[in-house]
Each structure stands twice: as structure tokens, then as C-alpha cells.
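Chemist: What shape does this take:
(chains A, B, C and D)
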There are 2 protein chains.
Amino acid sequence: MQNTKTPEELEAAFGQQLRDLRLRRNIDQRQLAEQAGVALNAVKNLENGRGATLTSLVKVLRALGRADWLETLAPAVAISPMQMLKAKQLRQRASKAKGNANA
Amino acid sequence: MQNTKTPEELEAAFGQQLRDLRLRRNIDQRQLAEQAGVALNAVKNLENGRGATLTSLVKVLRALGRADWLETLAPAVAISPMQMLKAKQLRQRASKAKGNANA
DNA sequence: AATCAATAGCCTTAAAATAGTCCATTGAAT
DNA sequence: ATTCAATGGACTATTTTAAGGCTATTGATT
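Modeler: Residues are numbered from 1 along each chain as shown, chains lettered A, B, ... in the order given. Below you'll find the predicted structure:
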């Protein structure tokens, strides 16, 4: 089941979550910006889904105490000890063009 | 327990996770960029932690089928049905400067 | 060990975000 | 109902990123 939202919608919904985190801590945008080391405008851009840099986002997450969330994107796959033994490490490059899982 | 990593380190570690997701699907950067609708350079920037826009990130996550991850930042707090009744909705603004939870 | 596609890195131009400031609107507290 | 800080929106200058193209390096395959 795919996410049908457009990138714009995703960014806006994401901004709302950032806002929620901030408001749960009851700090204003100015304070958050200061603690994060970014401009007030950068926080506004993030929360309103108006476009932002990844750097601004990371700094703000850090200030909100949620930098750990950034580590949850690609969790290591859980494998059994037996599988562990013969598990090959992840490839460093995609395989050459013909045998790919492409569309 | 705080995350002690610098923003640069966080961004680099995050980029590695993006790369892992891509490699698990065995597609190359060019294909991912094409499917995401961004430039090849944007994918490189993301994976190498060299700076990127939130828009590029969102498009790439979407192409990787992981846009749902964006919804996991601020999960709704679980409360009991009894609490539900008297639960006030989250404030829309931080409270005025004196009584804040500031540093 | 030879091959060659995947990736890194650099360049230029265009587009977008940051930073700083100001003013208008509005939610929450009195 | 009034007040006023929190927020939104707009503007300019500066910095950063996107896009597109090119070359050098290197990991995976044979």
C-alpha cells in the first residue's frame, strides 16, 4: 500500500508534526530557532512546508531532542545467528545494468 | 540520553541509510533519481551528506517506497478512553513568554 | 586480471533556501 | 472584550542546492 500523497502534501504534513513536537514542549518558534542555531524563517519554512534544507531540519530535530528519529529510516534487518554466519554484507554498488530490479 | 552527533555526522549517517535502502532494492543512483524526479546530483548529495533540500529528500523517499516514514516523527500520544473525554487539544501557539518551559 | 558500469567529484548556471527585518493577523490569557 | 506575544507573510541580500554535463576512480563481474 503506497503513500498517495504528493511531495507537497507530505512536506506539509511533516511540518505539522514538527510543530506538534515544538508545542508539546511549549516553546515558540523564536526559541526553537535560537536553540537549533537557525534563523526564525528556517523554522517557519519547515513547519509550513514551504521548503527547507536537510541541514535546517537536522539542527531543529537535534534541538527538539529527536535526532534519534533520523536513525530509524533503514533499520538493520533482523536475522538469526545461523543466517548471520553466511550473511554477505550489503553491496556497495548496484549491479550492472542488465540483471537489475528496474522498472 | 542525548544524541551527541554533530549535524554533519547526523546528515552523513542519514545519507548512508538512504544508500542502504537503495542498495537493498539494487537500483543505481541514476535510476533512483529518475524515479524520484530529481537530478542525479541531488541523490549524490543526499547519500553523501553534502547538503540537500527537504523536497529532494521527500521525493527520493517516495521513490523508495518509504514516504510512510515521514509520518512517524510525532506519533499521537496513546491515551485511555477516559482521558480521551477530558483531553484538551494541543495548543496552536506556545504560551506567552513568562511561564514557558524555556532554557 | 581485465572489463566496465556505478559512483565520486568538479564545473557552470539557474533556482531555492537562509538570514535579517518589518508589518499584519490571531490565539490565549486576563 | 481587550491585550499582546506568537505566528504568518512579504521583502532584500547572501548562501546553498538543483540541474546538467564531464572526467577520474573503483567495485563487481567475468
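Chemist: Hmm, A:I79 is touching A:A87, no?
Modeler: Yes - counting by C-beta atoms under 8 Å, A:I79 touches A:A87, with 6.0 Å between them. Any C-beta I mention is one placed from the backbone N, CA and C, and that applies to glycine too.
Chemist: Alongside DNA strand D, which residues does chain A contribute?
Modeler: Proximity of chain A to DNA strand D (C-beta under 7 Å from any atom of the strand) is limited to residues A:22-23, A:28-30, A:41, A:44, A:47-48, A:53-55, A:91-93, A:95-96.
Chemist: For the residue of chain A positioned farthest from its centre, list the residues it contacts.
Modeler: The centre of chain A is farthest from one residue, A:M82, which by C-alpha atoms, centre = their mean lies 32.7 Å away. For A:M82, no contacting residues are found, by C-beta atoms under 8 Å, 6 or more residues apart in numbering or on different chains.
Chemist: Could you look up the SS state of it?
Modeler: With DSSP: H, G, I helix; E, B strand; the rest coil as the basis, A:M82 sits in helix.
Chemist: Sketch out the low-pLDDT regions of chain A for me.
Modeler: A:98-103 (pLDDT under 70).
Chemist: can you list the residues that contact the lengthiest helix in chain A?
Modeler: Assignment by DSSP state H gives helix A:7-24 as the longest helix of chain A. Outside helix A:7-24, the residues that touch it by C-beta under 8 Å, 6+ apart are A:3, A:5, A:29, A:32, A:46-49, A:51, A:60, A:64, A:66, B:54-55, B:58-59, B:62, B:67, B:70-71, B:73-74, B:90-94.
Chemist: Mark which of the residues you listed are buried, thanks.
Modeler: Neighbour counting over the contacts of helix A:7-24 (16 or more other C-beta atoms under 10 Å in any protein chain shown) leaves A:3, A:5, A:29, A:32, A:46-47, A:49, A:60, A:64, A:66, B:54-55, B:58-59, B:62, B:67, B:70, B:73-74, B:94 as the buried ones.
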